[in-house]
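Enquirer: build me a model from this:
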Amino acid sequence: MPTFTALTNLPGEAPAQTLAAALERLGPLGVGVFEIEDGSGRWEVGGYFDAPPDPVALALLAAAHGAAGFAVSELPETDWVAKVRRELSPIEAGRFFVHGSHDAEKVPAGRIALLIEAAMAFGTGHHGTTLGCLRALDRLADGPAPGAVADIGCGTAVLAMAAARVWPGARVVASDIDPVAVEVAEANLAVNGLSGRVDCVVAPGFDDPRLGGPFDLILANILMGPLLDLAPAVAAHLAPGGRAVLSGLLTGQADKVTAAYAAAGLLAEAREDLGEWAVLLLRRPR
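Expert: Okay, here's the model as predicted:
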């Protein structure tokens, strides 16, 4: 079945969400709203349709909401999961080895294997931010073991699983605002033999009793906007001496996020840049 996309952009999250709600009335298969991570403050709104959308209706929506004109495209019929499985090679991040089932025989001896299949949730280890967070976890694994770990915006839960594997005695909670991501996370836990080791929660930020803390380690691989909003909450939920690993950031955004967390009381301890992406390690003073 062919799929058609209709994409536009406009300034501000609230106007973008309003436009997305209006776009829903055209009967799409789904609607997405994403911040364009170029510092422009613009947001992309997209709809997915099983037939060409009405160009007049789209033009009226764009004009009414101050958005750019919708660009409509027909997507080729592609089995994306099969394509990703063919093209994604295993990822090595220190002691961690992230792979799909088709590469299970390639796991080197002595590595912590994490099986992540191609799926709808973000976080296979190939993106620079996920890789950087795994590398940060690998370095932290040589120090004292945390008693409690939170993975905020967990996606596939690859970071939560890495924490559960390297610190078997830790309490680990993984949360995401997207119920589909949490379902994927639970499925990944099952195939990795970690069911019951990580508590999966559908929640924005720390908005669930199971995320009450305090946590010795908080992982948040999301985007700059949510990270800035979460700065006071991350600081409040960290135990004294606890650490936070933050990513989802372009290198040009790292200083702004570091400053926001410094204002919340956290100290910058380390930073790693992987291409255009940055990973921050912060610490709450004792």
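
Enquirer: which outside residues touch stretch 70-77?
Expert: The contact list for stretch 70-77, computed with C-beta atoms under 8 Å, 6 or more residues apart in numbering, reads 1-8, 52-53, 55, 58-59, 61-62. Using the backbone N, CA and C atoms, a C-beta is placed for each residue, glycine as well.

Enquirer: let's go with 7 Å and repeat that
Expert: Here stretch 70-77 makes contact (C-beta atoms under 7 Å, 6 or more residues apart in numbering) with 2-8, 52-53, 58, 62.

Enquirer: from those, which would you call buried?
Expert: The neighbour count (16 or more other C-beta atoms under 10 Å) marks 3-8, 53, 58, 62 as buried among these.

Enquirer: rebuild the residues you listed as CSV, extending it with distance to Phe97, pLDDT and secondary structure.
Expert: Output for these, formatted as CSV (distance: C-beta to C-beta, whole Å; pLDDT from 0 to 100; DSSP: H, G, I helix; E, B strand; the rest coil):
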residue, distance to Phe97, pLDDT, secondary structure
Thr3, 34, 85, strand
Phe4, 39, 92, strand
Thr5, 35, 92, strand
Ala6, 40, 95, strand
Leu7, 36, 95, strand
Thr8, 41, 96, strand
Pro53, 43, 94, coil
Leu58, 46, 96, helix
Ala62, 46, 96, helix
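
Enquirer: how about Val166, phi and psi?
Expert: phi -80, psi -20 (degrees, to the nearest 10).

Enquirer: my guess is it contacts Ala141. True?
Expert: Yes - proximity of Val166 to Ala141 meets the contact threshold set by C-beta atoms under 7 Å, at 4.5 Å.

Enquirer: these two - which one has more neighbours?
Expert: Val166 (20 against 17; other C-beta atoms under 10 Å).

Enquirer: would you say Ala109 is within a helix?
Expert: No - Ala109 is assigned coil when assessed by DSSP: H, G, I helix; E, B strand; the rest coil, not a helix.

Enquirer: burial count for it?
Expert: 4.

Enquirer: ditto for Glu44
Expert: Glu44 has 16 neighbours, counted by other C-beta under 10 Å.

Enquirer: tell me which helix or strand it sits in.
Expert: Using DSSP states H and E, Glu44 sits within strand 42-49.
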